[in-house]
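Student: give me a 3D structure for the following:
(one chain, ligands or ions: 2)
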Amino acid sequence: MSLGGKVAVVTGAAKGIGKAIAEIFLQNGAKVVLLDVDEPAGKSLKYDLDQQFGEDRSLFMKCSVESDEDIKAALQSTVDIFGSIDILCNNAGILKEDDWEKTISINLGGVIRMTYTALEHMNKRSGGQGGVVVNTSSVAGLDPLLSCPAYSATKHGVVAFTRAMAAASSASEYGIRFNVICPVRVQTDFFSSVSQNFGRFSHLLGALQKSSERALDPSEVAECVLDLVMDEMKNGETVLLSQSGKKYVTFPQNLW
Ligand SMILES: NC(=O)c1ccc[n+]([C@@H]2O[C@H](COP(=O)([O-])OP(=O)(O)OC[C@H]3O[C@@H](n4cnc5c(N)ncnc54)[C@H](O)[C@@H]3O)[C@@H](O)[C@H]2O)c1
Ligand SMILES: CCCCC[C@H](O)/C=C/C=C\C=C\C=C\[C@@H](O)[C@@H](O)CCCC(=O)O
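Tutor: Residues are numbered from 1 along each chain as shown. Ligands and ions are numbered 1, 2, ... in the order given. All right, here's what the predicted structure looks like:
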């Protein structure tokens, strides 16, 4: 899939990995809709992107992935202004073990909420043009981290939801591919606040030390997302992204 003229929606786009995904899509010719709850950071990024790519290439909208109302309004505005939704990156996420219900609501609920509403615009069976969804999980979505059980559960959920949606979409002829990335630690603001957010398991944070040799750069994650968007053969893939590169994860088959 060439990105020229395509329209991408990215959640959690104001900073970190989402920002890097938005930038690589713009560099490759797409129009990008930046969705985030952080309005100052979103507006500031939009200003910077306007200087680099032109004002007509991106939109910023304040949108919480916890809010059906925000999501519906943002996706309808996307279609009204840019004409379609071709690419969706469900990337927004938090880690607050002491507020695990919010962590579930954003990390897993947000992915499901956003996906189901986007399907109404993208699904070929309801007049859409098809496209591709790439979700941001984590290594914690494959190998649970002992210091953050709730976060790990949400990220396992994102992997499962993506794989099930890939199969459901193919079987229903929606024309939409679904893939998920599972990065190890990435150098973003996520880690500047995360250490305060472990609640009852903060004493176990040191047990993760071995995994912290080199944090990935957000651009490395964005390149992996770009590959999954552009390669039309990729559907239902789970990609582990670590310091040694990317690895396509395989799961047991025919269990029942
Ligand atoms: N940084 C890492 O080490 C790492 C590793 C693996 C996976 N991840 C995942 O990558 C994703 C992005 O994380 P990051 O490292 O860029 O973090 P970040 O904190 O830099 O960025 C996350 C963005 O999500 C936004 N956000 C938070 N709640 C939101 C909501 N309700 N609605 C919309 N936007 C919301 C924030 O305002 C922020 O801009 C997350 O899903 C995270 O779990 C991060
Ligand atoms: C700390 C776990 C958060 C999980 C976020 C992400 O999805 C996955 C990251 C993968 C690897 C984690 C590495 C952990 C590194 C440790 O060094 C840890 O001590 C860093 C904690 C941050 C801090 O500011 O102390």
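
Student: which neighbouring elements make contact with the helix ranked longest in the chain?
Tutor: Scanning the chain for the helix with the most residues, using DSSP state H, yields helix 149-172. Using 3 or more CB pairs under 8 Å, 6 or more residues apart in numbering; DSSP states H and E, the elements in contact with helix 149-172 are helix 100-104, helix 110-122, strand 131-136, strand 176-183, strand 238-242. In short, each C-beta sits where N, CA and C put it, glycine included.

Student: give me the pLDDT value at the closest residue to ligand 1 within the stretch 51-200 of the chain.
Tutor: The nearest approach of the stretch 51-200 of the chain to ligand 1 comes at G93, 2.2 Å away (CB to the nearest ligand atom). Looking at G93, its pLDDT is 98.

Student: contacts only, for it.
Tutor: Contact analysis of G93 by CB atoms under 8 Å, 6 or more residues apart in numbering lists G12, I106, N107, G110, T136, S138, T154, F190.

Student: what about the nearest residue to the last one once chain neighbours are set aside, neighbour count?
Tutor: For F190, the nearest residue in space outside its immediate sequence neighbours is G16; the separation is 6.1 Å by CB to CB, 6 or more residues apart in numbering. Neighbour count for G16, taken as other CB atoms under 10 Å: 21.

Student: ok, now A215?
Tutor: Applying other CB under 10 Å, we find 16 residues neighbouring A215.

Student: could you pull up the residues touching it?
Tutor: A215 neighbours (CB under 8 Å, 6+ apart): V184, R185, V186, Q187, F191.
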